[in-house]
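J.: pasting the sequence and the predicted model now:
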Amino acid sequence: MDVRIIYEPILRQVMKQVTVFDERLKKEADEMVATMHRQNGIGLAANQVGLDKQLIVLEFTPQKDDETPAIPRTQLCNPKIIKSSSETEVMTEGCLSLPGLELPVRRSLAVVVEAQNLRGEKVTVKAKGLFARVLQHEIDHLNGVLFTDRAEKTNTIKPYTFAKVVFFGSDDFSLPVLKRVVETGYQVVAVFCESDKRGGRGDNRIVSPVKTFAEQHSIAVFNPETKEEIAPLLAQIKPDLLVLASYGKILPEEALRQPVFGCLNVHPSLLPRYRGATPIQSAILNGETETGVTIMSMAKSVDAGGVIAQRTAPILPNDTTPVLREKLAELGSQLLVELLPKYLSGQAKITAQDDALATRTTKLFKELGRINWEEPAELIVRKIRAFLPWPGTYTTLNGKRLIILEATVKDSTVLPIRVQLEGKTAVSWEDFLRGYQSQLTREPWYGKIYR
Ligand code: CO
């Protein structure tokens, strides 16, 4: 039997009454005891192994010198707490469905439980101390309640430092996210980044800021050449959680299955809008005045996983791709570390995306950067802002390429702010005018420039 972990829906459902007390039930109850022992648990509820029935098992035999009180083997159907002491006690609890996590929980010191045994006979169990606590924990399970729903201190980072985190990211959107996760105190055990020169998806820059940071913090760095290498590496690392922010490769399903607590993606758009490789560029290009970040639980198809958290950010009139990317990376990293305790304790809500509202991002290629002066000034300037630094936006001057790095719209014309002539350094438009005025006046496109 496999134990179901954290966000499996059955853990949040109310289990059905047991009405048939046959050999099969007995077999299932015994298998549950075996599964529980294998994983060093002291209690297990049927939904934790995927069975929709009101069935719990408990047993604990202390080792020599262990002063923890024993719990007799108990297998109960349809258990109900009919009495619980008003006197309570706080003790640290864990759960096989949230492996590694321990949090203090306040529970009644003693309970009386009415149930049926595996033959269907009515039984009454009076328990106190640890026995009573485990009974309450397991009966909670049957009602879709996790111990973290009742736990104290769920929001402090301390309990979650057990989690071994692997980080996937390659560019300067990734770095602030990794940084924040490490600085908050999470245990990042490995970083995966792209080995070649392609930094972000669809973005041609040479970057390995992520690698540099990881090495400075003595975190193992992996640069798999192919995505097929990823799952076997993860199988060795055995991570609890995977965090991905602008990696560059699409992770295979087999890789996504490795982390016990799942895989989170920080995506710079308000999903389901702008799915794909160039969400920041596309939002600027389309003249959006607002975008945002999404923390998503990663599924098979790209950017189609469940949404866990979102935060909006304005797109200011002069925002370029690098400026907006930096803002969204900050926002995303902040949102992620705020979310992590909630997520790791099973308290987050994962909402499916409405595919009908999905939009795709624009595919960028080099030729897109050539300015078509027939287009409205607003669109030309949006392209200049969106295509920085790649593919860049350019026109020609005397047969040479003139890159427009920054520009604004004035009186429905384009007012360049910073330009760079092929082979030269970037200069302000004013300086450029002084040197090239006569050449400029010979270009037909100069008529579209603000003067
Ligand atoms: Co449990």
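T.: Looks like it came in fine. Remember, predicted model here, so these are calculated numbers, not experimental data. Numbers count the residues shown, from 1 in each chain.

J.: L55 contacts T74, correct?
T.: No: the pair L55 and T74 does not pass the contact test of Cβ atoms under 8 Å, sitting 11.2 Å apart. All C-beta spots, glycine's among them, are computed from the backbone N, C-alpha and C.

J.: more neighbours: the two, which one.
T.: Regarding L55 and T74, a neighbour count based on other Cβ atoms under 10 Å identifies L55 as having more, with 28 against 23.

J.: look up how far F21 lies from that one.
T.: 11 Å (Cβ to Cβ, to the nearest Å).

J.: so what sits against both of the two?
T.: For the pair L55 and F21, residues contacting each of them under the criterion Cβ atoms under 8 Å, 6 or more residues apart in numbering are C77.

J.: so the spatially most central residue of the chain, which of the three states?
T.: Compute the mean C-alpha point of the chain, and by Cα atoms, centre = their mean the closest residue is L264, 1.9 Å away. Assigned state for L264: strand (three-state reduction, DSSP: H, G, I helix; E, B strand; the rest coil).

J.: my read: it touches L336, true?
T.: Yes: taking Cβ under 8 Å as the definition, L264 is a contact partner of L336 at 7.1 Å.

J.: mutual contacts of those two, please.
T.: 243, 295.

J.: related to what we said a few turns ago, wait, what's in contact with the residue nearest to the centre of the chain?
T.: Contacts here follow Cβ under 8 Å, 6+ apart; on that basis L264 touches 241-244, 295-298, 308, 336, 343.

J.: in strands, which of the residues you listed fall?
T.: Within the contacts of L264, residues falling in strands by DSSP state E are 241-244, 295-297, 308.

J.: can you select the buried ones from those in PyMOL?
T.: Buried members of these, defined by 16 or more other Cβ atoms under 10 Å, are picked up in PyMOL with:
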select buried, resi 241+242+243+244+295+296+297+308
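
J.: remind me what the longest helix seen in the chain packs against, helices and strands.
T.: Counting by DSSP state H, the longest helix found in the chain is helix 321-344. Judged by 3 or more Cβ pairs under 8 Å, 6 or more residues apart in numbering; DSSP states H and E, the packing partners of helix 321-344 are helix 174-184, strand 263-267, helix 279-285, strand 290-297, strand 306-314.

J.: what angle sits between the helix or strand just after that helix and helix 321-344?
T.: Going down the chain from helix 321-344, the next helix or strand is helix 377-386, by DSSP states H and E. Here helix 377-386 points in a direction 60 degrees away from that of helix 321-344 (axes from the mean of the first three to the mean of the last three Cα atoms, to 10 degrees).

J.: ok, then the element right after helix 377-386?
T.: Following the chain from helix 377-386 toward its C-terminal end, the next helix or strand by DSSP H and E is strand 394-397.

J.: which residues are contacting that following strand?
T.: Applying Cβ under 8 Å, 6+ apart, the external contacts of strand 394-397 come out as 369-371, 373, 401-404, 421, 436, 439-440, 443, 445.
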